[in-house]
Every structure is written in C-alpha cells, then in structure tokens.
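1. sequence and predicted structure are below.
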Amino acid sequence: MATSVTWNATVVFPNQTASHQSYLGVLDDVNRYNVQLNTFERLWAAWYLWMQNDILATGIMTFVMHEVVYFGRSLPWIIIDAIPYFRRWKIQQQKIPTWKEQFECGALVLFSHFTVELPQIWLFHPIATWCGLDYGVPFPPAWKMAYQIAIFFVLEDTWHYWMHRGAHWPPLYKAVHKMHHYYSAPFGMTAEYASPIEVMFLGLGTVGSPILWVFITKDLHLFTMYLWIVLRLFQAIDSHSGYDFPWSLRHFLPFWAGAEHHDVHHEKFIGNYASSFRWWDYIMDTEAGAEAHQRRREARIAKAKKAHGIPVLGVTNMNFTELNMERLSLEGKLAISLENLPTELIHRIASYCDVADVHALTCVSRGIRLSCSNPFVFQAQFCHHTCQAPEPESKSIPNKYTLAHIVNSALISRPESDARTAWSHLAAVAPTLPSLSDELDELMLPYRAVSWQSAGSVKLPSSELLRKTQALIGTFSTFAVLGYIPSIDLGVAAATTGLLITLTDPHNWASYIHVLPQINRLVRQQAFVLALGLLQTQVLNNLGIMAYHLSKMATWDDTHTAFHRFKTSWEGRQTAALLVQVLLAHLLRSSFSARPASEYLPSPRKLPLAMVQDEVGGAVVPLPDPLSPDQAERRLTAFSSTGSWDHWNRRYVRHLVQEMEDGEWYGYFTWDTARNQATFLETGPIENIRFRFGAKESAGGTIEVIADNCKEPSGLFALHGEVDMSLQSIVLKKTSPRGVECNYRGWFTPLGIAGTMNPSPWGLPGWFWIWKKEWMEETSCK
C-alpha cells in the first residue's frame, strides 16, 4: 500500500491497490474485509487508499468540503432574503441585499478561496501530521469529539475577539479590516468577504486552535477537525445572516452570540468583537447596542452613589437623557433668584446641577427657602413649587412636572458633579438677555448697512470687537441649544447679518487676505444664531447682499481664493450649509410683496438641539467656557462658549447623520432667493422623504442612501446617492418618473441638510433644505 496512513490493527486491507482501480473498486475491497467499520469510516479509508497520496487526498477533501459547506449553508439565507414573509425577523429590515450584491460577493469570496485559502489548505496536512494529527480509522468516539470541539470553540472565540478588536485600530481598520465592513447589513456569504490578510489572521484561530491542541496532547483526529470546521462555518455564516428568529440558538443558550450580536457590530462599526460567545465583550465592556449603553450608565450611577454614600430618593428607572457637563474648576458661588426666568430655562439649568448645588444657589421663594433645612427637604418643596408653573414652550420639556424627575435624576446620577460655575453663568446672564441684545446691536452699528467691497477695501473688525461679539454670540447660541430660542429676537438677528457678511467677504478675494481660524468658527456660530432667528422673525437689511455672496461662493471655483480653501474644509462646508438655511428661512418667513409668511418651516420650539447622544449614551450640550472671574472680563453680562459649542456642533451633526433613516423628512428647494419669485423658475416644498441606507460602503467611507416615492409639486421623484459618515456630507441624484434629473450636494447641520443644486438653464445656482417632519408644527405638516 503506497499510502502512509496509519490504521488500527483490527482493520484489514488488501496488500496492494491497483493504480487503475476505481474508487468504487477500492471501496468494495474495504467493505469486504472490514465489516466492523461504519459507512463513513469505510468511505474515508477507501478515499486515502485510492488517492495513494495523503497530502493530495487531505487537500482535495478539505477544499471540497469547505466549498460545499460554505456555499451550501449560504444558499438557504439567499432564499430567505428573497421571501418577504421572513423579513419580520430581519434585524436591519430596510437593507435587503440585491441579487447583484449577492452575486458580486459570492464571486469575490470564491476567487479568494482559490487564490488565498487553497495554498494554505495544501500546507495543512504536513504541518498537522508533524504535530501528531491522526487521520486513520476508526474514528474517535463521539464524546471525545464533542469535548474537543467545545474547547476549540472557546479557544477560537478568544483569538477572534482580540484579533478582531485589534483590527479596529484605525490604521489596521483602514488597511485591512475595512473591506469586511463593505456591507453594513451583512448577509450569509459575507462571512468570508475579507482581505487576504484578515482571512489569514482570523482563520488562524479556526485552524491554529486544533493544531495547538494536538501539538500539546497528541490526541486529535482529522475527522474531528472537519466536524469543527463545519460547525465553525455554520456559526460564521449564521452570525452574518442578518436574521434573529425566535428559534435562534441565542434564545436557548444566553451566552451564544449569533446574528443579533454580530449584526450590531456591522451596523455600528464598533463593539461586539467576539465570534461565538458573548462573554469576552461583557468582561471587557465592549458590548454594543442600546441595552449595553443603559447598563454602563446604570453602573456609573451605582458607582457614584457608592462612592459618595448618597441614598436613592424619589423616582427610579429614569428614562430622561443624562446630560454630560464638562469639568469646571471654579469654586465660586452666587445666590441667584429663579423667580423671573422662563419655565423651560429653569428646567434646563436645574438639569445640570446637583440638588445640593441648586439648594445652595437658588432663592426660589422666601417661603420655600425658610422651610428647607436640607437639600432633600428642598428637593420636595422645589418640585412642588414648580408644578404650579405655567406649561413650558420647549418641546424638550414635556410638561411642567418634568423638573421633579430631572432633579431626582440629578440627585441619583451625579452626586459628585460641581455645577456651581455653570449655574452662576447661566442664571446670572439669563435675566439680562434683553440688554445683551441691545449691546450687540450697538456693537454692530458700523455694519448695519454693508455694501459690496473690492479686494483692496476689505477690512476686518478689530480684535476687541470680535472678542466682545464672540461672547455675545456664544451666550445666545448656548441659550438656543438649551431650549430657550426666543432669546434670539429681532434685535439679535438684525444685528448679526451685517457682521456676518463682513466676515465672509474676505473669503471671496485673493489668497493674500489672511482669515484666522477663530473667525471661521465665529462665522459658523453666527450663521447658526441667524438661522434660528430668521425662523421666528423677519429681517430685511443686508440679506440681498448675503444671497449674492452665497451665489458667488457656490459658482466661483477659483482655487486662488481664500474661500476655495474654506469650503473644502469641514468648517467651511458647515458654514455654507447654515447660510443656505439662513436664506431659505428668510425667503419663507418674509410676508412682504403681498405674500403671507410660509409656515412650511421647522418650528424653533420643536428642535431637539440638546438631545444628541455621544458614544457612551450621554448628551452633549454647550456650556459657558470655565473661566475664573479674573479671566472672564464679562462674566456676569455675557460668556464665551465657542469651544464647547463647537464640540456640541460636531457631535450633534454626527448624530443626525447616523439617525437619518429614522422618521420622515420634509424640505424646500428653489432657484430664486428673491421675495418676488420668477414664475419660470421651479420652486416648492418636498415631502415624504424616507431615507434608507443601502448595503454598500465604499472604500472612501461613504454609504449608499436611497429614498423612493418622494413628493414635490410636479409629482413623485426618487433620490439616490451616498452619504459620507465622517465628513457629514451627502450627494444625491433626484430623478422624476419623466426622467428629469437634478444633482443635490449638501451638508448636515443642526437644522437639517442644506446645500446646492446644479445650476438652472439660466446659470443660477439652486438651493435646498430638508429637515425632520417632527420638527414642524402639526398644521404645517397637514
């Protein structure tokens, strides 16, 4: 017998196998002399005897087994994806893979199997047999195979967790692992859709675990290895299936990962790194999803309570957003009265403070103050007092009873917070908002009427004026995000426009005009304030010049201008989008030219600006910059929050991109920003926009986005394009049933998505702005 395979002494084979003998002939000989072997063992023995080359026999059998199992197990999921009945159990229900996507994925995986995995399979036999692997007959008992496979699952899961987690290190992710995340909603065949380097390193856990075992114990059979690989392939394909059925294994084996666990990883691109089990993610606190965020939050609360010995009072299991406050170092205290502040502002300020701080800093009423001997008595009295307050106007404050829950939540979750400085800034400045509006108007006196300037006449404001303006704009933008948007009244909006034009003007000129980064940030913050102001009031002065500037910015691509550098930055794109929202808000709110003001706009009171979630489940809000009294010249009249506001702006926009699939979007588009619109230019509202992400993620980090059956005055249309998650930008092609196309290019801002449309036949740039339907008043939606 030419084969070198070792056999049990009770097994008898013919002394020689003829080279011309068929496999069935060899099998017949094996059956004749070895009736004690079961069917699988006879087939196995006949295969090696017939091949006469153990390396070739193992290589062919391993490769064929792998292909049959991989694509055979993927086939049911392809069928399930094609049957609408099963979509009730689809985890990401809006992302059904197309036939084209599945074919492209399968073709690339098959190519990878032949070019990457096949050479490795050929090396397996000599390495494994050198380590002590047995491949003779009979097979080992079932109990031995079962416990060895269980050990392999544990070893592979450990290897996979740490290698996979390491692959998400940004340099490795970009160079290696990003290919596997091409499909944000995985399907069965994507299990091995990965780069060759990743296939080699992660596959080492599947093959290396048994080899390590046999090297140490000298006790492992190739048939056990095959059973392990089959089960591992089943696990990998099922975890990428995208379906979580009631009969899925995780419902009976709680520590089993399954598709529900891994699908979140593909959707969120982070967390849930393990393959088969959940324990490594639990131990290392890398679980993803809403439940994991809630557990982390509860753990932080419990830790804080234990460290400070503060009992839990009042309402438990709070569902209110926990607000993260930046660390403030001041120890100063100011006793400020709340009696004259707007109700929603009282709620907001209290939500940043521990009850003890509120008690120490507040004189709500003389009767309450005298009757409260400690913070806990004050808690009940304060809550009872505010229940008698009028209903708040801000959407983020559900009703007048909300403060009781906020104060209780603050007491439970943040006993260690030092909110005195934030309280001092906010409470001291709030009553002076009308005078701050007058002060801003006085500072802007030289900019009330702005004319067109040539390059040589562009003059930037003095540094002192910018410093004072920055504090005032920071104050109004902070109160706006906190829910008190009425603070941006007509005086603030009217005063802002002139300086905003003056600061954007240098960007249109030659590169020798130097624009400081601090000015760019101030311009962005001013545009945000002005857009909110124009949503609730009407301003006429200077907006015609602003429309001219924005049109020039959109159509003039001279690379020598400072604006070209500006608009290729995140800062510039964000500002340009906010300016588009400024102009469209002005267009729709204006009631002049015998035309009533349009209600087709977001309502400032319904903007959930302070409710964005960060990575750990908390909220990000802008707060006054923590400056001590000797550093902050204008501490009691205004405050700067530019850095904190910038942090909020970036977080909020990122959150809006991630949640763009949620809910319905409305909007407006036009090619004319004049109040007396030309009838030959198409303009009007757009409705029924429901975005859904496609299955593809490009190499550049963009994700396909689709919206069908959208509505405009002329009928239905569809949107198809891609969104860049990192740059928060979007490119869309609008197509009507008549085949008319229009390209949209926009950027996410806290007020929605805004940008440009390709120019009209008359050379005019078009503008669009879309926002969440839930941000509108009910009458506007109807």
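-> Cool, got the structure. Nothing here was measured: the structure is a model prediction, and the numbers come from that model.
2. drop to CA atoms for contacts and neighbour counts, all remaining ones
-> Will do.
3. count the residues that sit near I127.
-> When neighbours are defined as other CA atoms under 10 Å, I127 has 12 of them.
4. helix/strand/coil for it?
-> Taking DSSP: H, G, I helix; E, B strand; the rest coil as the rule, one finds I127 in the helix state.
5. distance of it from I121?
-> 10 Å (CA to CA, to the nearest Å).
6. ok, now Y447?
-> Distance of Y447 to I121, given as CA to CA: 75 Å.
7. do the same with E439
-> Applying CA to CA to E439 and I121 gives a distance of 77 Å.
8. by contact count, what packs against the strand or helix carrying I703?
-> I703 belongs to strand 702-712 when assigned by DSSP states H and E. When contacts are defined as 3 or more CA pairs under 8 Å, 6 or more residues apart in numbering; DSSP states H and E, strand 702-712 packs onto strand 684-689, strand 692-697, strand 715-724.
9. check which residues of the helix or strand hosting H655 are buried.
-> Using DSSP H and E, H655 falls within helix 642-658. Residues of helix 642-658 classed as buried: 642, 644-646, 648-657 (neighbour count, 16 or more other CA atoms under 10 Å).
10. report the angle between it and strand 715-724.
-> With axes from the mean of the first three to the mean of the last three CA atoms, to 10 degrees defining the directions, helix 642-658 sits at 120 degrees from strand 715-724.
11. in its sheet, what does the very next helix or strand once past helix 642-658 sit against?
-> The first helix or strand that comes after helix 642-658 along the chain, using DSSP H and E, is strand 665-670. Strand pairing for strand 665-670, using DSSP bridges, gives strand 684-689 (antiparallel), strand 766-772 (antiparallel).
12. ranking those by burial, who's on top?
-> Comparing the strands paired with strand 665-670 by mean neighbour count (mean count of other CA atoms under 10 Å), strand 766-772 comes out on top with a mean of 24.
13. regarding this protein, what is its longest helix?
-> helix 54-81 (DSSP state H).
14. got the buried residues for that one?
-> For helix 54-81, by 16+ other CA under 10 Å, it's 54-55, 57-59, 62-63, 66, 69-71, 73-74, 77-78, 81.
15. pLDDT below threshold where in the stretch 201-350 of the chain?
-> 290, 293-350 (pLDDT under 70).
16. for the stretch 651-782 of the chain, that is, sorry about that
-> 672-682, 695-701, 759-764, 778-782.
17. swap in 50 and give it another go.
-> Across the stretch 651-782 of the chain, the ranges flagged by pLDDT under 50 are 675-676, 678, 680, 782.
18. try the stretch 1-150 of the chain
-> Low-confidence segments of the stretch 1-150 of the chain, defined by pLDDT under 50: 1-5, 9.
19. now do the helices in it.
-> 23-33, 39-51, 54-81, 99-112, 118-131, 142-167 (DSSP state H, counting those that start in this stretch).
20. pull out the buried residues from the second one.
-> By neighbour count on 16+ other CA under 10 Å, the buried set for helix 39-51 is E41, R42, L43, W44, A45, A46, W47, Y48, L49, W50, M51.
21. for the residues you listed, which two are the farthest from each other?
-> Greatest spacing in the buried residues of helix 39-51, by CA to CA: E41 and M51 (15.6 Å).
22. how near is Y48 to D28?
-> Y48 is 14 Å from D28, by CA to CA.
23. tell me the pLDDT of A175.
-> Listed pLDDT for A175 reads 83.
24. actually, F476.
-> pLDDT, F476: 87.
25. same thing with the one 5 residues further on?
-> At V481 the predicted local distance difference test score is 80.
26. that one: neighbour count?
-> Counted with other CA under 10 Å, V481 comes out at 22.
27. with adjacent residues omitted, what lies nearest to it?
-> Excluding its sequence neighbours, the residue lying closest to V481 (CA to CA, 6 or more residues apart in numbering) is L609, at 5.3 Å.
28. and that neighbour, helix, strand or coil?
-> With three-state DSSP as the basis, the three-state label of L609 is coil.
29. for G752, see how far away it is.
-> 11 Å.
30. Q93 now?
-> Taking CA to CA, one finds Q93 at 24 Å from G752.
31. who's more crowded, these two?
-> G752 (24 against 13).
32. contacting residues for that one?
-> The neighbours of G752, taking CA atoms under 8 Å, 6 or more residues apart in numbering as the test, are L656, W769, I770, W771, K772.
33. my guess is the third one contacts Y666, does it?
-> Right, the one you point to is I770. Yes: between I770 and Y666 there is a contact at 5.4 Å, judged by CA atoms under 8 Å.
34. now the common contact residues for these two.
-> Shared contacts of I770 and Y666, counting by CA under 8 Å, 6+ apart, come down to nothing at all.
35. ok so, going back, let's have the strands paired with strand 665-670 in JSON lines, adding distance to R521.
-> Output for the strands paired with strand 665-670, formatted as JSON lines (distance: least, CA to CA, whole Å):
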{"stretch": "strand 684-689", "distance to R521": "31"}
{"stretch": "strand 766-772", "distance to R521": "22"}
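36. S603 is nearest to which of the ones you listed?
-> Among the strands paired with strand 665-670, strand 766-772 sits nearest to S603 (CA to CA), with 10.5 Å.
37. only alpha carbons, please: show that closest one as PDB.
-> Extracted C-alpha coordinates of strand 766-772, given in PDB (Å, rounded to 0.1, in the frame of the first residue of the first chain):
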ATOM      1  CA  GLY A 766     -30.300  76.200  -6.800                       C
ATOM      2  CA  TRP A 767     -30.700  75.700  -3.100                       C
ATOM      3  CA  PHE A 768     -32.400  73.100  -1.000                       C
ATOM      4  CA  TRP A 769     -33.000  72.500   2.700                       C
ATOM      5  CA  ILE A 770     -34.600  69.400   4.200                       C
ATOM      6  CA  TRP A 771     -35.500  68.800   7.800                       C
ATOM      7  CA  LYS A 772     -37.300  66.200  10.000                       C
END
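38. contact partners of that strand?
-> So strand 766-772 is in contact with 580-581, 584, 602, 663-672, 744, 751-760, going by CA under 8 Å, 6+ apart.
39. and those, which are buried?
-> Buried members of the contacts of strand 766-772, counted by 16+ other CA under 10 Å: 580-581, 584, 602, 665-672, 744, 751-759.
40. OK, contacts around Q93?
-> When contacts are counted by CA under 8 Å, 6+ apart, Q93 touches R87.
41. and it, how far is that from Y85?
-> Distance, Q93 to Y85, by CA to CA: 12 Å.
42. and what of A45?
-> Separation of A45 from Y85 (CA to CA): 45 Å.
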